[in-house]
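In: Predicted coordinates and the sequence they were generated for:
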Amino acid sequence: MADVPQPSTDPTPVAPGPGPGDDFPFPVAEVETGEDAGLSVRDRLLLKLLGARRLALGSTSKDRLWGWLGPALVALLAGGLRLWDLGRPGNLVFDETYYVKQAYTLLRVGFEAKWPEDPNPAFEAGNVDTFLNLPDYVVHPPLGKWMIAGGMQLFGGAENPWSWRISTALVGILAVFLLARIARRLFASTAMGVLAGGLLAIDGMAIVHSRTGLLDNFLMFWVLVAFGFLLLDREQARRRLADRVAALVDSGREIGRYGPRLGWRWWRFAAAVSLGLACGVKWSGLYFLAVFALLSVLWDATARRAVGIKRWWEDALLADAIPAALVMLPTAALTYLATWFSWFRSPSSYMRDWAAAHPGEGVQWLPEALRSLWAYHQKMWDFHTGLSAEHSYASKPIGWIVQWRPTSFYYRDGSDGVTGCGYDECARVITSLGNPVLWWSAALAIVATVVLLVWRKDWRATAVLSGLVAGWLPWFAYPDRTIFTFYAIVFTPWVVLALVYVVTVLLEATERDRTARGWVIWAVTALFTVIVVMSIFFYPIWTAMNVPEWFWRLHMWLPSWI
């Protein structure tokens, strides 16, 4: 009989569990002291593949209750911060001038229509039907605009600024709940899950994007959903592997050079659909598709190695990587194509009849409609790769993580007629600025996460860094393109996860030293108290509240913030 894998030697200390779990029938304290002789082969494998903390999670009714109630409470907090006076200001904010009006014409005529010169004053005043019966050239796929349009359809029409933003607000609230649940599973701690959700709930970047009708919050949402699905897939796959390898060992057979197949992976399939939807909002979802697919296969490979499969790398390639590619790539591609349904449906869509007007051009083996869409995509690609116009709020990605040059979405002062703040000079401002203490702390935490990954080979560090690799690093390849700090919203959940991960490691490392643990808890409590205070302080300039101009300037800590 092959050697049965022994309990994990991961340097992360193992906490005494709250009691026997549903899947792990022995108290975790016994595993901690090595008293594991009574464990079955399957339970030993589960311990090796998932860890004692994860197996103990949710093993009490109290923990299961707070596993749902805690995320719900921080989502409720997020709802209050995002929905309160959501229609303020009643103007089209920043790129709402594109996406809101495009969403409205999608709803009305089925394609993004052109507008006459300077249409915003009429639109903001409620005269929303001045668009022209001509297609407009747009450079992003339609899904995000359809999500904005859904809010208009269900919540009051385009005459109501609240309806422009309700979809992104709801998505932002749901993202807080999802992150809390994801972090709970990732760190095997309900408290750390609630902490992660709470930080996202009060962060300025997340609040601003949840209160403006832009596309990037939808992109963030879909890639976060995909990440959650892949975490579920990781656990399901490892449970299946434990079951099937244990069956081999229990029957007296050896674990050979190749391991068992794991069957259809519904969570991985769902992740591929979510990533296709992300690409249907913005093309930068492609980076997450690539990184998350590699991450999922890496998790499979390490699982096969952990259970003792001799040629685990080859087995992971044949049994996991190739099937993953054959499922994820076509699924994401077909999902993305489906997001263009309105373009296919409307003969008036931009370049819809390009192939008919250009016989013999383009990709000839494609059907006419797809040939037109391909030509349209080539034009969109040329725009995105060639965008280099000057913009006062353009910023390099190296500064995003410390919010060096935040994007001003909206600014009105006394010269625009803003009064009523109790002082001679008033201002209404929306600055897409993350909570500075949170982001500066997270910048240090990201460095620590890289160190912990190299030092401890902790899979959680890999998971945390994956969102940063997919959402942040690709922009360094476009040094001449006009890009903005507000793009960082797409990886904001992983910024939060990096900070919470370091806190988790510190708490785990000091759980047997009451003095050291007390210092850690004190320091963490102090840090998060300051973060909360900073969110209260900055909230007025995230939400266009009417404030004295001196109050706004009090928030401009760096010259680059103005």
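Out: All right, it came through fine. Note that this is a predicted model, so its numbers are computed, not measured.
In: what's the following helix or strand after the host helix or strand of Gly228?
Out: Using DSSP states H and E, Gly228 sits in helix 216-250. Later in the chain than helix 216-250, the nearest helix or strand by DSSP H and E is helix 266-279.
In: helices and strands around that following helix, which ones?
Out: helix 216-250, helix 285-306, helix 322-338 (3 or more CB pairs under 8 Å, 6 or more residues apart in numbering; DSSP states H and E). Any C-beta I mention is one placed from the backbone N, CA and C, and that applies to glycine too.
In: Can you list the buried residues in the shortest one?
Out: To tie it back to what came earlier, the one meant is helix 322-338. 323-324, 327-329, 331-332, 335-337 (16 or more other CB atoms under 10 Å).
In: Which other helices and strands does the helix holding Gly228 contact?
Out: helix 41-50, helix 143-154, helix 161-187, helix 204-210, helix 266-279, helix 285-306, helix 459-471, helix 492-509.
In: highest average neighbour count across those helices?
Out: Of the helices and strands packed on helix 216-250, the one with the most neighbours on average (mean count of other CB atoms under 10 Å) is helix 204-210, at a mean of 29.
In: buried set for stretch 409-423?
Out: Applying 16+ other CB under 10 Å to stretch 409-423 flags 409-412, 418, 421 as buried.
In: Phe409 looks like it's in a helix, true?
Out: No. Using DSSP: H, G, I helix; E, B strand; the rest coil, the assignment for Phe409 is strand, not a helix.
In: Validate this expectation: Ile430 resides in a strand.
Out: Yes. Judged by three-state DSSP, Ile430 forms part of a strand.
In: Could you pull up the contacting residues of it?
Out: Neighbouring residues of Ile430 by CB atoms under 8 Å, 6 or more residues apart in numbering: 89, 93-94, 208, 211-212, 408-411, 541-544.
In: Can you lay out the residues you listed as JSON lines showing pLDDT and distance to Pro116?
Out: Converted to JSON lines, the contacts of Ile430 look like this (pLDDT from 0 to 100; distance: CB to CB, whole Å):
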{"residue": "Pro89", "pLDDT": "96", "distance to Pro116": "23"}
{"residue": "Val93", "pLDDT": "96", "distance to Pro116": "21"}
{"residue": "Phe94", "pLDDT": "95", "distance to Pro116": "21"}
{"residue": "Val208", "pLDDT": "98", "distance to Pro116": "29"}
{"residue": "Arg211", "pLDDT": "98", "distance to Pro116": "28"}
{"residue": "Thr212", "pLDDT": "97", "distance to Pro116": "24"}
{"residue": "Ser408", "pLDDT": "96", "distance to Pro116": "27"}
{"residue": "Phe409", "pLDDT": "96", "distance to Pro116": "24"}
{"residue": "Tyr410", "pLDDT": "97", "distance to Pro116": "23"}
{"residue": "Tyr411", "pLDDT": "96", "distance to Pro116": "26"}
{"residue": "Ile541", "pLDDT": "97", "distance to Pro116": "33"}
{"residue": "Trp542", "pLDDT": "98", "distance to Pro116": "33"}
{"residue": "Thr543", "pLDDT": "97", "distance to Pro116": "31"}
{"residue": "Ala544", "pLDDT": "97", "distance to Pro116": "27"}
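In: Which one (most neighbours) among those?
Out: Of all the contacts of Ile430, the highest neighbour tally under other CB atoms under 10 Å goes to Val208, namely 30 neighbours.
In: In three-state terms, how would Ala72 be classified?
Out: helix.
In: that older thread, can you name the two of the buried residues of helix 322-338 that are farthest apart?
Out: Pro323 and Leu337 (21.7 Å; CB to CB).
In: returning to what we had before: so which of the helices and strands packed on helix 216-250 comes closest to Leu370?
Out: helix 266-279 (16.3 Å).
In: Now do that closest one and helix 143-154, the angle between them.
Out: 90 degrees (axes from the mean of the first three to the mean of the last three CA atoms, to 10 degrees).
In: Rounded mean pLDDT for helix 266-279, please.
Out: For helix 266-279, mean pLDDT is 98.
In: what does stretch 291-305 give?
Out: Rounded mean pLDDT across stretch 291-305 is 95.
In: Same question for stretch 96-111.
Out: 96.
In: try stretch 213-231
Out: Stretch 213-231 comes out at a mean pLDDT of 98.
In: before we move on, the earlier item: out of the buried residues of helix 322-338, which is nearest to Gln153?
Out: Thr335 (22.3 Å).
In: That closest one contacts Ala271, correct?
Out: No. With contact defined as CB atoms under 8 Å, Thr335 does not reach Ala271; the gap is 10.9 Å.
In: that older thread, and the direction of the helix holding Gly228 versus that of helix 459-471, what angle?
Out: 140 degrees.
In: now the angle between helix 161-187 and helix 216-250, please.
Out: Using the same axes, to 10 degrees: helix 216-250 against helix 161-187 is 30 degrees.
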